[in-house]
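> Predicted model and sequence follow; I will ask about them next.
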Amino acid sequence: MMPNVFAFLLVAALKYVLPVTNNALVPLIDRLPDLDWDELPDEAREALAAPVAGWERLGFRRVCVMRLPNPQKARFLAGVVLLAPDRLSHAHVVYVCRPDGTFQWTPVYSLFRDGTLGLTTTQKHELDDPPSVLRSQQPAGLAPDELWRRHRDNLAGRWAEYEVEPLDPAGVRATFLEIERREVGYHVARGVLVPASDADYERLADPDDGPRPCRNRHDPDN
């Protein structure tokens with residue numbers, strides 16, 4: 001089975017951006033636009049630059065920049081995926097802009113050979129994780145070195161019974177959507193999320209539909 005890690009980022013972002021109510025709309029997509037760093041809106045680059053640089057100083061290698069589709073208006077989601085030097089840990093530096101403000105968080109993942117996912121994250125915990133996800137909740141604002149240390153402590157301690165599946169950059173990209181489908185399917189089955197329409201799917205997943213700056217919440221077009 002193909003290793004499953006990185007498409008979890010989309011649903012992790014949606015957990016924070018979508019209201020925690022039943023029937024929140026979610027796109028069922030089969031691709032995510034991969035951007036160049038310079039294609040991100042200025043405010044997204046400014047928010048992501050420092051945390052991404054912090055992970056790179058630890059030896060993490062940037063794999064890709066992803067735009068994350070969202071069916072709600074006036075929202076922009078993006079993430080930078082970085083791979084640890086030992087290929088056993090993966091940091092997702094996430095930026096979200098929505099009408100009530102901008103937000104940034106970083107989860108660190110490891111995939112275990114049985115398909116279980118170890119997650120050490122500063123993201124606010126709002127929706128239940130699938131049974132195959134082991135969450136270690138951390139306070140917001142942790143520096144990259146401290147967050148990575150705590151994730152490695154989890155691997156050596158509470159998750160020591162699991163064998164980690166190393167991934168290369170190609171494996172990271174290939175598994176991104178597999179995890180997204182698993183996560184979305186879990187929440188759709190529970191009635192928490194509702195699939196977007198085919199029209200929404202085409203509009204949101206079109207890679208030619210470039211990123212838009214997040215408009216002010218008082219913009220009359222919002």
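Sure, I can see it. This structure is a prediction, so every number in the text was calculated from the model and none was measured. Numbers count the residues shown, from 1 in each chain.

> Just the pLDDT at residue 11, thanks.
Note on residue 11: pLDDT of 47.

> next structured bit after the host helix or strand of residue 56?
Element membership of residue 56 [criterion: DSSP states H and E] is helix 42-57. Sequence order places strand 61-67 as the next helix or strand after helix 42-57, per DSSP H and E.

> and the helix holding residue 56, what does it pack onto?
strand 76-83, strand 90-98, strand 101-105, helix 144-156 (3 or more Cβ pairs under 8 Å, 6 or more residues apart in numbering; DSSP states H and E). (Each C-beta comes from the backbone N, C-alpha and C, glycine too.)

> I would like the residues contacting it, please.
With Cβ atoms under 8 Å, 6 or more residues apart in numbering as the test, helix 42-57 has contacts from 37-38, 40, 62, 76, 78, 80, 82, 91, 93, 95, 97, 102, 104, 106, 143-145, 148, 211, 213-214.

> where does this protein have low pLDDT?
1-32, 69-74, 174-180, 187, 191-222 (pLDDT under 70).

> same thing but at 50, please
Low-confidence regions of the chain, defined by pLDDT under 50, span residues 1-23, 205-213, 215-222.

> Strand 90-98 and the helix holding residue 56, what's the angle between them?
Orientation check (axes from the mean of the first three to the mean of the last three Cα atoms, to 10 degrees): helix 42-57 against strand 90-98 gives 160 degrees.
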